[in-house]
Each structure stands twice: as C-alpha cells, then as structure tokens.
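Trainee: Coordinates for the following, if possible.
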Amino acid sequence: MSETATTQSRKWASFPLHGWVGIGLAGIFWALNWSLPGPRTHWGFFPMWLGYCLAVDGLVYRLRGTSLLTRSLRKYIGLFLISALVWWFFEVVNTRLQNWHYLGAELFTPAAFAFWATLSFTTVIPAVFGSAELFSSLPFVQHLGRGPVIRPDRRTSLVFFGAGLVMLLLMLAWPHLFFPFLWISVYCITEPVNIWLGYRSLGSNTQYGNWRPVIALCLGVLLTAFFWEMWNYLAYPKWVYSVPWGQFGHIFEMPILGYGGYLPFALELYAVYNLVAGIWGDKDSNYVQIALE
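Mentor: Reported below is the predicted structural model:
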C-alpha cells in the first residue's frame with residue numbers, strides 16, 4: 001500500500017461511528033423519499049435529516065476532534081427541541097404571509113400534520129449549526145482576515161432593535177411588499193436583547209472585526225439550504241412557494257432570490273439559540289463553536 005493510501009485509510013479510520021450511521025440513514029431515506037409512490041416524506045424526512053446531521057457532525061469531529069454531539073449529548077438533543085419551537089414561530093407568521101404551503105397536507109388530520117411537522121422541524125437548527133461548524137473548521141474560513149468593526153454598544157444595539165421592530169411591523173401590515181423582512185427582523189430584535197442581558201452574541205466577535213462566525217453561519221446555511229430544496233423537489237408531501245414578487249429563476253422549488261433569505265436566517269437561529277441558552281442559565285456557553293481562533 002502506498003504512503004498516500006495509508007494516510008487516507010488512517011484518516012477515515014478515525015471517522016466516528018455516528019458519522020457512518022448518518023451517511024447510511026441519509027442515503028437510505030433519500031432513496032426511499034425519491035422512489036416510493038404515494039405519501040412517504042412525512043415519515044422519511046426526519047431520519048434522512050437526522051442522517052445529514054450525524055454525517056456532518058462526524059466530519060466536524062474528524063477535523064477537530066470535537067463536535068456538537070460529542071461535546072454534549074444533552075445539549076445536542078436540546079438543539080432539536082429548540083429547533084421545533086423556533087420553526088413553529090415561522091409557521092405561525094406564515095399564516096399572515098402565505099409564502100409557502102404544503103402539498104399533501106390535506107391527507108392528514110390537524111393532529112397528525114402537527115406531529116409529523118414538529119418531528120421534521122426538529123432538524124433545522126442541528127443541521128445549520130453542524131454545517132456552520134464544518135465550514136468554521138476549514139482553513140479558508142479560519143484564515144480570513146479582519147473585517148469592519150461593529151461594536152455591540154448601546155447606540156448600535158438600539159438602532160438594530162428599532163430597525164427590527166419597524167421591519168416586523170411593516171411585514172405584518174403589508175406582507176405582500178415586506179415579506180422578506182421575516183428573515184432579518186428576528187435577528188435585529190434578538191441580537192440586542194442578548195447583548196443587553198449579557199448573553200453570547202455575534203457582536204462579541206464583530207467588535208474585533210472577526211466575521212468568521214458570520215461567514216461560517218452563512219456558508220453552513222447555504223449548504224443546508226441546497227439539500228433542503230433538492231431533497232424536497234421530488235418529495236411528497238412537499239413545500240412549495242408562493243411569493244408576491246421575485247418569483248423567477250427557480251432552483252428546485254425556491255426562487256433564486258429566496259436563497260438570499262437563508263443568510264440572515266442563519267443569524268436569527270444563532271441569536272435565538274443564545275437567547276434560549278441564556279434563559280436556561282447557560283449565558284456564556286461556547287457549545288456552538290463557530291469562532292475558532
């Protein structure tokens with residue numbers, strides 16, 4: 001065996017078991033989701049995305065020797081629970097916006113739909129945070145230089161908070177015009193609250209010009225978004241979009257402009273997670289490690 005082949009085998013020998021389980025789950029349920037007739041995604045979505053989460057976590061562990069799951073199983077499970085609650089907030093707001101709906105939802109009773117939807121929603125935050133940690137582990141992100149300085153001082157946080165409230169009110173008052181504000185207003189409101197309460201925030205990094213956590217979150221959510229939209233394309237039940245403007249240039253079901261909304265959405269998830277963690281008494285937690293120095 002050549003030296004290169006030996007090195008490669010050693011690398012994959014340290015790939016953790018849960019990563020291999022994740023690859024298996026994702027592959028099996030991807031195949032089932034795209035090949036079986038009739039409704040199948042309601043029961044196939046969760047194991048497929050659990051597989052994604054575990055596979056990505058395994059890659060992070062391979063690169064760092066630590067990962068979300070291996071640092072704390074309890075907190076990792078907590079990510080799934082928080083994720084379901086957070087995405088139901090977006091579902092509630094969507095009753096006003098009507099930007100997406102689910103083909104095949106009519107096949108289920110309200111209780112059954114709520115059960116399967118909640119189970120599926122649990123995977124959003126673990127998938128995004130795991131992908132963000134993956135990108136933050138890569139040299140091209142770790143070696144990024146300093147960027148603009150944004151300090152989390154009182155004036156800046158008040159501007160963010162006020163802008164978030166205005167965007168939220170505009171969105172609710174005129175949803176056909178301002179529906180994109182859903183994907184940034186929550187961050188603008190929650191980030192200052194974290195700063196005022198002394199919880200973790202992205203501002204603790206941008207005050208030094210360190211934008212690596214922001215970049216890692218944005219790249220991580222784009223990777224996750226690609227798989228969300230791709231796996232959804234041939235799924236059933238599935239979601240489809242109906243937005244008042246920008247409904248062109250579709251990549252899978254999503255209009256191309258819609259992918260831009262994923263970027264601030266990742267920041268929202270991080271801000272809301274830090275708020276919940278702080279409320280639960282873990283205000284200085286560095287559990288989600290996207291800011292390696």
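Trainee: Trp100 is in contact with Ser242, correct?
Mentor: Yes - here Ser242 reaches Trp100: they are 7.0 Å apart, a contact under CB atoms under 8 Å. C-beta: built from backbone N, CA, C; applies to glycine.
Trainee: So which of those two has more stuff around it?
Mentor: Applying other CB atoms under 10 Å to Ser242 and Trp100 shows that Trp100 carries more neighbours, namely 16 against 10.
Trainee: Who is that one paired with across the strands?
Mentor: Taking DSSP bridges as the rule, Trp100 bridges to Tyr241.
Trainee: Need the per-residue pLDDT for it.
Mentor: Looking at Trp100, its pLDDT stands at 97.
Trainee: Roughly how far does it sit from Trp239?
Mentor: 5 Å (CB to CB, to the nearest Å).
Trainee: Spit out the contact partners of Arg40.
Mentor: The contact partners of Arg40, taken as CB atoms under 8 Å, 6 or more residues apart in numbering, are Leu32, Asn33, Tyr236.
Trainee: Now do it against Gly198, distance only.
Mentor: Distance from Arg40 to Gly198, by CB to CB: 46 Å.
Trainee: where do the strands sit along the stretch 151-293 of the chain?
Mentor: Using DSSP state E, counting those that start in this stretch, the strands of the stretch 151-293 of the chain run over 238-241, 250-251, 254-255.
Trainee: tell me the most buried of those strands?
Mentor: Comparing the strands of the stretch 151-293 of the chain by mean neighbour count (mean count of other CB atoms under 10 Å), strand 254-255 ranks first with a mean of 20.
Trainee: What's the first helix or strand after the helix or strand bottoming out on mean pLDDT in the chain?
Mentor: Across the helices and strands of the chain, the lowest-confidence element by mean pLDDT, DSSP states H and E is helix 3-13, at a mean of 45. For helix 3-13, the succeeding helix or strand toward the C-terminus, using DSSP states H and E, is helix 17-35.
Trainee: ok, and what's touching that next one?
Mentor: So helix 17-35 is contacted by 40-41, 44-45, 47-59, 61-62, 69, 231, 234-235 (CB under 8 Å, 6+ apart).
Trainee: Quick check: buried residues in the helix or strand encompassing Trp88?
Mentor: If you go by DSSP H and E, Trp88 is part of helix 73-97. Neighbour counts over helix 73-97 (16 or more other CB atoms under 10 Å) mark 75-76, 78-80, 82-84, 86-87, 90, 93, 97 as buried.
Trainee: Please apply the same query to stretch 197-209.
Mentor: In terms of neighbour count (16+ other CB under 10 Å), stretch 197-209 has its buried residues at Tyr199, Arg200, Ser201, Leu202, Gly203, Ser204, Asn205, Thr206.
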